[in-house]
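> Give me coordinates for this.
(chains A, B, C and D)
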There are 2 protein chains.
Amino acid sequence: MDIQLKRGLLDVCVLAAIKDKDSYGYQIIKDIKPYIEMSESTLYTILKRLELSGMLTVRTSEHGGRLRKYYHITKAGLGRIEDFKNEWREVMAIYQFVNKEDTKRA
Amino acid sequence: MDIQLKRGLLDVCVLAAIKDKDSYGYQIIKDIKPYIEMSESTLYTILKRLELSGMLTVRTSEHGGRLRKYYHITKAGLGRIEDFKNEWREVMAIYQFVNKEDTKRA
DNA sequence: ACGTAATACATCATATCACGAAGTATTTGT
DNA sequence: ACAAATACTTCGTGATATGATGTATTACGT
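Here you go, the predicted model:
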């Protein structure tokens, strides 16, 4: 997928991935993979950013000798998802504009 | 609208604005305005980029003593719009993923 | 026993890009 | 005469996705 198009979807995708259940980096990538491909460096950058902006909180926990950081969505994070949904109306209007049939040219 | 979300739409919006009829900067901004707000510096940057990547061609013409640069879409530019339409299926899948109902949390 | 893949997270440098600010110049409206 | 609209240009800045690289441990096949 076009990288510019991804930009507006990545943050909200990550939030959606932890919306119903706390999750951790590696799992998030796997859950999102069917919809959008994301490298590890991208995800951890995004998670850091979302933490700094208060969209989620982090809790470290050990699992089979390995460190895991579980991410939990906040009210602000849920709000961010709602904002996204509300903006979708505008996005669809733009899509209609781009998608409208040619009248003068082939 | 969220700036990141705009990123994937701006280029293709500009191409759509000149798809049926050659147009020029100031006019493009006005035509797109109902759908997406764009500053002049943004538009002219985009037009330059689209020209360099062969999505459109430029023709300078005088109009009432003022210089005008008319932009004409190329086959590659039309192809870019088609690519965008084809990617929309993936975008909608992502939207569904984000939009799915909560099961466990309020 | 050994090597490879998978799990798990982190950091850095780079390239792309939207945008505000500021500038140049003409025409139109009041 | 002055402001607003028309029309295009350049520059600096901040945001951000990503590949490359690194560190460690566990799981699995042979």
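
> CA only for contacts and neighbour counts going forward, please
Fine.

> how far is stretch A:43-58 from where the chain is centred?
Between the centre of stretch A:43-58 and the centre of its host chain there is 11 Å, according to Cα atoms, centre = their mean, to the nearest Å.

> An error on my part: the question was meant for stretch A:67-87.
Distance of stretch A:67-87 from its chain centroid, counting by Cα atoms, centre = their mean, is 9 Å.

> and it, which residues are buried?
Across stretch A:67-87, burial judged by 16 or more other Cα atoms under 10 Å in any protein chain shown covers A:68-74, A:77-78, A:80-81, A:84-85.

> same check, this time on stretch A:91-102
In stretch A:91-102, counting by 16+ other Cα under 10 Å, buried: A:91, A:94-95, A:98.

> List, out of the buried residues of stretch A:67-87, those positioned next to DNA strand C.
A:68-70 (Cα under 7 Å from any atom of the strand).

> Sitting in helices, which of those do you find?
Per DSSP state H, helices hold no members of those.

> out of the residues you listed, who's nearest DNA strand D?
Closest to DNA strand D out of those is A:Arg68 (11.0 Å), distances taken as Cα to the nearest atom of the strand.

> if I pick the nearest residue to that closest one once chain neighbours are set aside, what's in contact with it?
Of all residues not flanking A:Arg68 in the chain, A:Ser61 sits nearest, at 5.3 Å (Cα to Cα, 6 or more residues apart in numbering or on different chains). Residues near A:Ser61 by Cα atoms under 8 Å, 6 or more residues apart in numbering or on different chains: A:67-70.

> right, and the pair among those residues with maximum separation?
A:Leu67 and A:Tyr70 (9.8 Å; Cα to Cα).

> shared neighbours, these two?
Both A:Leu67 and A:Tyr70 are in contact with A:60-61, where contact means Cα under 8 Å, 6+ apart.

> and stretch A:3-17, C-alpha only, in PDB?
What follows is stretch A:3-17, C-alpha atoms only, in PDB (Å, rounded to 0.1, in the frame of the first residue of the first chain):
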ATOM      1  CA  ILE A   3       3.100   4.800   2.200                       C
ATOM      2  CA  GLN A   4       1.400   8.200   2.300                       C
ATOM      3  CA  LEU A   5      -2.000   6.500   2.500                       C
ATOM      4  CA  LYS A   6      -0.700   4.400   5.400                       C
ATOM      5  CA  ARG A   7       0.300   7.400   7.400                       C
ATOM      6  CA  GLY A   8      -3.200   8.300   8.400                       C
ATOM      7  CA  LEU A   9      -4.200   4.800   9.300                       C
ATOM      8  CA  LEU A  10      -1.200   3.400  11.300                       C
ATOM      9  CA  ASP A  11      -1.800   5.100  14.600                       C
ATOM     10  CA  VAL A  12      -5.400   4.400  14.700                       C
ATOM     11  CA  CYS A  13      -4.800   0.800  13.600                       C
ATOM     12  CA  VAL A  14      -2.500   0.200  16.600                       C
ATOM     13  CA  LEU A  15      -5.000   1.700  18.900                       C
ATOM     14  CA  ALA A  16      -7.800  -0.500  17.500                       C
ATOM     15  CA  ALA A  17      -5.500  -3.500  18.000                       C
END
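
> wait, does it contact DNA strand C?
Yes: for stretch A:3-17, a contact with DNA strand C is found by Cα under 7 Å from any atom of the strand, at A:Gln4.

> avg pLDDT for that stretch?
Stretch A:3-17 comes out with an average pLDDT of 97.
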